[in-house]
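Peer 1: would you be able to build a 3D model of this:
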Amino acid sequence: MVNQVSPERLADMIDSDESFTLIDTRPEESYEGWRIHDAENVPYGPDDEFADEDRERVEDVRDGDPIVAICGKGLTSTPFSFELEQHGYDDVSVVKGGMEGWSKVYEIVPLEIETDDLIVRQLQRRAKGCLGYVVGSKHTESAVVVDPTRQTDQFKIVAEEAGLTIEHVLDTHIHADHISGGAKLADELDVPYHLGEHASERDVEYDYEPLADGETIELGEIEIETLHTPGHTTEMVNYLVDSEALLTGDTLFVESVGRTELQFGDEDAESGAELLYDSIHDTILELPDETWILPGHVSVTEDNRYEAGSPGDLIGSRLGDLRDDLDLLGLDEDEFVDRLVENAPEKPPNYERVIEINTGTEPPEDESEATELELGPNNCAA
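Peer 2: Numbering: from 1, shown residues only. All right, here's what the predicted structure looks like:
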C-alpha cells in the first residue's frame, strides 16, 4: 500500500533535512520550468510502461533512501509508486495533490516589534513566493488583510487564531503573477475592499473603495497610511503601518525592485522605471532607517528556492539595511532606468490573463483554470 504525505509534511521533511529521494514524474519540460529543489526527474505517463531504464534511473538517484514521488496532481505519481512496489520497493510515498497541492503550502511568520498593540503576521505562499499580511490591533481586536491570495481561508484562520476580526481587505495593486483573493475575501466577510484611487485607470470591474495618497485606515490607535507609489503599476500603493512597517507590494523587495513593463509594455517600460525611481527615492527612502520593509513577494527560482531568506523566516528588512545592501538603491536615475529596461526577466506565464481576472473583466472559467494559471513561481522582480 502506497503511503500518502501531505504537501505540508513534505515541506517539513525538506526543512529538517530528512533523508529521502524526491522523484518528479512529470514530463521533462514541466519539470525544467518549475520544480522542487533536489527533485529528480523520472518522467512517467498514465499509459507508460515501467521500463528497465526507469528502474535503473531510480536506483541511480535514490542512494538507498526512502522514495517520495510527486507529479502535477498526484495522478501519475501514484501508478508510478505502485510499479515501484511491485518491483520490491517498500518505502515509497506519494505527495497528495502533487505540485498543485505544493503550490498551496503556507508558512505563517510574525513580525517581532516593540509596539504592544500592533500585530503583524506575514503569510508566505511557499511555492510562489507570494507574501500577504494580517495586520491588527490587540486592544480593538480588529484587523486588515493586505494582498491576500485566493486561498482566503488561510487569512481567516490567521486572524481568528490571533483573536482578530477582519474589517477591511486591501490590495496594493492589480497583480499580474497570481490571482488575488482580495475581492473574494471582502465579499465573503461583507467588509470593504480597497485599492489605490488610481485603480480607476485600470478598468477594474470589482466594487472597491478607493484610497487616496495620504488617506488612512484606523484600527483603534493604529494608523495605516496609504502612500501612492507608481512604477510597477500606475495604481500601486504602499501601506505604512503605524510608522513601524511599510507593506511595499511590488515596489521594493528585499532583493530587488518591481519590474515595470508588465503594465507599461516594453515600449514604455522606461516611463514606468522613472516613476518607480521617484516613488522609491521621494517616498520610501524618506522614511526612517528603522522602518521595516515588508514586500509582497520574494523571488523564487525554478527549483523553488527563495532568492532571499528561507521559508518560515520573516522576509523583510530594515530600510537602513536595504540602503546599504541593495545596490539598485544607490544608482542615479539614468543608471536605475537603464538597469530595469535592459535587464527585464522573462515575463510571468499567463500574466495578461491573470490581469483580466484581477480586474474582474474576465473571471476564470472554473477552479481548474485558476489553478493552472497559477502554477509556477512569481516573476515580478526586476
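
Peer 1: CA only for contacts and neighbour counts going forward, please
Peer 2: Will do.

Peer 1: quick check: N378 touching S299?
Peer 2: Yes. Counting by CA atoms under 8 Å, N378 does reach S299; the two are 6.7 Å apart.

Peer 1: overlap in contacts of these two?
Peer 2: The contact sets of N378 and S299 overlap at G129 (CA atoms under 8 Å, 6 or more residues apart in numbering).

Peer 1: all helices in the stretch 101-250 of the chain, in order from the N-terminus.
Peer 2: Remark: helices assigned in the stretch 101-250 of the chain by DSSP state H, counting those that start in this stretch are 152-161, 182-189.

Peer 1: ok, which of the ones you listed comes nearest D203?
Peer 2: D203 sits nearest to helix 182-189 of all the helices of the stretch 101-250 of the chain, at 14.7 Å, using CA to CA.

Peer 1: contacts for the closest one, please.
Peer 2: 146-150, 152, 166, 168-171, 192-193, 206-208.

Peer 1: can you redo the helices of the stretch 101-250 of the chain as a markdown table with mean neighbour count and distance to T25?
Peer 2: Listed next are those as a markdown table, based on neighbours: other CA atoms under 10 Å; distance: least, CA to CA, whole Å:
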| stretch | mean neighbour count | distance to T25 |
| --- | --- | --- |
| helix 152-161 | 16 | 29 |
| helix 182-189 | 19 | 34 |
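
Peer 1: can I get these in CSV including mean pLDDT and distance to V341?
Peer 2: What follows is those, written out as CSV (pLDDT from 0 to 100; distance: least, CA to CA, whole Å):
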stretch, mean pLDDT, distance to V341
helix 152-161, 98, 35
helix 182-189, 97, 30
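
Peer 1: got those as CSV, with distance to T76 columns?
Peer 2: Listed next are the helices of the stretch 101-250 of the chain as CSV, based on distance: least, CA to CA, whole Å:
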stretch, distance to T76
helix 152-161, 28
helix 182-189, 32
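
Peer 1: what's near enough to touch the closest residue to E223 other than its chain neighbours?
Peer 2: Leaving aside its sequence neighbours, E223 sits nearest to D242 (CA to CA, 6 or more residues apart in numbering; 4.9 Å). D242 makes contacts with I222, E223, I224, E225, as judged by CA under 8 Å, 6+ apart.

Peer 1: same question for E270.
Peer 2: Contacts of E270 (CA under 8 Å, 6+ apart): T260, V337, D338, L340, V341.

Peer 1: quick one: mean pLDDT over the helix or strand where V354 lies.
Peer 2: In the assignment (DSSP states H and E), V354 maps to helix 351-359. Here helix 351-359 scores 93 as its mean pLDDT.
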